[in-house]
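> sequence and predicted model, in that order:
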Amino acid sequence: MKEVVSTAVICLVLLVIVVVAVRSYLKKLKSGCCGAGGDVVKPVRPADRDLSHYPYVNRVEIQGMHCQNCARRIENAFNAQGGFYAKVDLGKHTALVRSKEDVPGETLKQVIRGLGYSPVAVEPLRKD
């Protein structure tokens, strides 16, 4: 009798997990990625858009981005600060972060981590 009860409890727990997972997936399909609720993240443009004013360029590889809203959140985090101009390539899972001053790679990683994404590597590209 104990075996029947324990099997029933295990089946019930598995059923609850499946129901929660399916509901979560359906919500994601309906409202968009990252629990965005269907809202579109509006872009923040840097005040200075002249790329020649940004001599330091770093390519940051990022894990955890799934949609354009994810990419825009990362761009906005940098572009809202003075001295940065960022552009994310969602397909390559990278961000090109330009800056007016030399910024340590760890600082760039901290900004990305603060948003809930995982920076994998920072590669300095050039210094004019």
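Sure thing, it's come through.

> return the set of buried residues in the longest helix along the chain.
Longest helix of the chain, by residue count under DSSP state H: helix 2-31. The neighbour-count check on helix 2-31 (16 or more other CB atoms under 10 Å) flags nothing as buried. In this view, the C-beta of every residue, glycine as well, is placed from N, C-alpha and C.

> can you give me the strands in this protein?
For the chain, the strands defined by DSSP state E cover 56-63, 84-89, 94-99, 118-127.

> mean neighbour count, mean pLDDT and distance to Arg45 for the ones you listed - can I get that in a markdown table?
Converted to a markdown table, the strands of the chain look like this (neighbours: other CB atoms under 10 Å; pLDDT from 0 to 100; distance: least, CB to CB, whole Å):
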| stretch | mean neighbour count | mean pLDDT | distance to Arg45 |
| --- | --- | --- | --- |
| strand 56-63 | 18 | 96 | 18 |
| strand 84-89 | 20 | 96 | 9 |
| strand 94-99 | 21 | 97 | 13 |
| strand 118-127 | 13 | 88 | 22 |
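
> got a markdown table for the ones you listed, with distance to Val9 too?
Listed next are the strands of the chain as a markdown table, based on distance: least, CB to CB, whole Å:
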| stretch | distance to Val9 |
| --- | --- |
| strand 56-63 | 37 |
| strand 84-89 | 46 |
| strand 94-99 | 47 |
| strand 118-127 | 37 |
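
> for Tyr25, which of those is the nearest?
strand 56-63 (20.7 Å; CB to CB).
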